[in-house]
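Asker: what shape does this take:
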Amino acid sequence: MTMYKVLLVEDEEIIRKGLMYLMDWETEGCVIIGEAGDGAEGEEKIRQMRPDIVITDVRMPFMSGLDMLEQTRSIPYAAIVISGYDEFEYAQRAISLDVTEYLLKPVDFTALQKALMRVKEKLGALRQMEQQALFHPVQMNLPDGLPEPGNRYVKKVLQIIESQYPQKILLQNLCEDLGVSSVYLQTKFKEEMHYTFHDFLNRYRIQQAVKKMKETDYKVYEIADMVGFSDYKYFIQVFKKYVGMSPKKFFERSGRI
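Answerer: Residues are numbered from 1 along each chain as shown. Next comes the predicted model:
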């Protein structure tokens, strides 16, 4: 049985300990690998421990839970946000950070169990895709030509991705240009494309990188910059996530090295 590593990040100790000891984590197929009392400590432990699932509060000292998630978004894990504040702005930002589940305090353990079930299903599917990628690499699950969506805003976003993917593309800027909210655009985009905006953009960029690796003699760092990744280390992480191997390993299998 696969055991998923869980990190708890919550500044209120009574809530953190309650989550740790009142939930039957073993039955849920999980193991608590650590805890943190604020976002800064949480960021450090995410980088050190590499959890599969991070359960975090929103408002905490030193660094908020959402800031912590943003600082560590290059590290693959699923996030469950627990907030005592039923406010639109938190849910809106959580969506933009690809948060898997958003729950409200006081914690309903039945709701948490259901959230964990959905998170584990998502992680299991990702692991299966990674294993398949080892035998059938570079299957980005995106067509060569972008599909024709029904929603005009989603259609416009796809046109921008196709023409401007080497440049910096921010969801908030797109929303301002199109005159729609980020929650609306994210929701419609996922309904039609079956991926979040950020996930789709990264997949599309890696798809273009793979094409350039096959068809050109550019160096990997040059290709990374050409497809919109100014941070080379982040490019390698994203490439491994979607292709199932490092760019170097991909080159070796392609006979380029």
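Asker: so residue 230 lies in a strand, does it not?
Answerer: No - Residue 230 sits outside any strand when classified using DSSP: H, G, I helix; E, B strand; the rest coil, being coil.
Asker: check contacts around the closest residue to residue 37 other than its chain neighbours.
Answerer: Leaving aside its chain neighbours, residue 37 sits nearest to residue 11 (5.3 Å; criterion: Cβ to Cβ, 6 or more residues apart in numbering). C-beta coordinates here come from the backbone N, C-alpha and C atoms, glycine included. Neighbouring residues of residue 11 by Cβ atoms under 8 Å, 6 or more residues apart in numbering: 37-38, 57, 59-61.
Asker: residue 155 contacts residue 178, correct?
Answerer: No - Residue 155 is beyond contact range of residue 178, at 10.7 Å (criterion: Cβ atoms under 8 Å).
Asker: ok, now how distant is residue 72 from residue 192?
Answerer: As judged by Cβ to Cβ, to the nearest Å, residue 72 and residue 192 stand 29 Å apart.
Asker: repeat that for residue 17.
Answerer: 43 Å.
Asker: who has more neighbours, those two?
Answerer: Between residue 17 and residue 192, counting by other Cβ atoms under 10 Å, residue 192 is the more crowded of the two (18 against 13).
Asker: downstream neighbour of the helix or strand containing that one in the secondary structure list?
Answerer: Residue 192 belongs to helix 182-193 when assigned by DSSP states H and E. Downstream of helix 182-193, the first helix or strand assigned by DSSP H and E is helix 197-215.
Asker: and that following helix, what other elements does it pack with?
Answerer: helix 152-164, helix 182-193, helix 220-226, helix 232-243, helix 247-253 (3 or more Cβ pairs under 8 Å, 6 or more residues apart in numbering; DSSP states H and E).
Asker: which of those helices sits closest to residue 83?
Answerer: helix 182-193 (15.6 Å; Cβ to Cβ).
Asker: so residue 234 touches residue 74, yeah?
Answerer: Yes - here residue 234 reaches residue 74: they are 4.9 Å apart, a contact under Cβ under 8 Å.
Asker: the nearest residue to residue 188 once chain neighbours are set aside: how many residues sit nearby?
Answerer: Leaving out its chain neighbours, the residue that sits closest to residue 188 by Cβ to Cβ, 6+ apart is residue 151, at 4.8 Å. Neighbour count for residue 151, taken as other Cβ under 10 Å: 16.
Asker: for residue 61, same thing?
Answerer: By other Cβ under 10 Å, neighbour count at residue 61 equals 11.
Asker: what sits against it?
Answerer: 11, 37-39.
Asker: may I see the residues you listed organised as JSON lines, with secondary structure added?
Answerer: Compiled in JSON lines, these are given as follows (three-state DSSP):
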{"residue": "11", "secondary structure": "coil"}
{"residue": "37", "secondary structure": "coil"}
{"residue": "38", "secondary structure": "coil"}
{"residue": "39", "secondary structure": "helix"}
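Asker: farthest pair in those?
Answerer: Of all pairs in the contacts of residue 61, the most separated under Cβ to Cβ is 37 and 39 at 9.4 Å.
Asker: mutual contacts of the two, please.
Answerer: Shared contacts of residue 37 and residue 39, defined by Cβ under 8 Å, 6+ apart, are found at 9, 60-61.
Asker: need these in CSV (columns: secondary structure, pLDDT and distance to residue 211).
Answerer: Shown next, in CSV, are the shared contacts of residue 37 and residue 39 (DSSP: H, G, I helix; E, B strand; the rest coil; pLDDT from 0 to 100; distance: Cβ to Cβ, whole Å):
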residue, secondary structure, pLDDT, distance to residue 211
9, strand, 92, 39
60, coil, 84, 43
61, coil, 83, 46
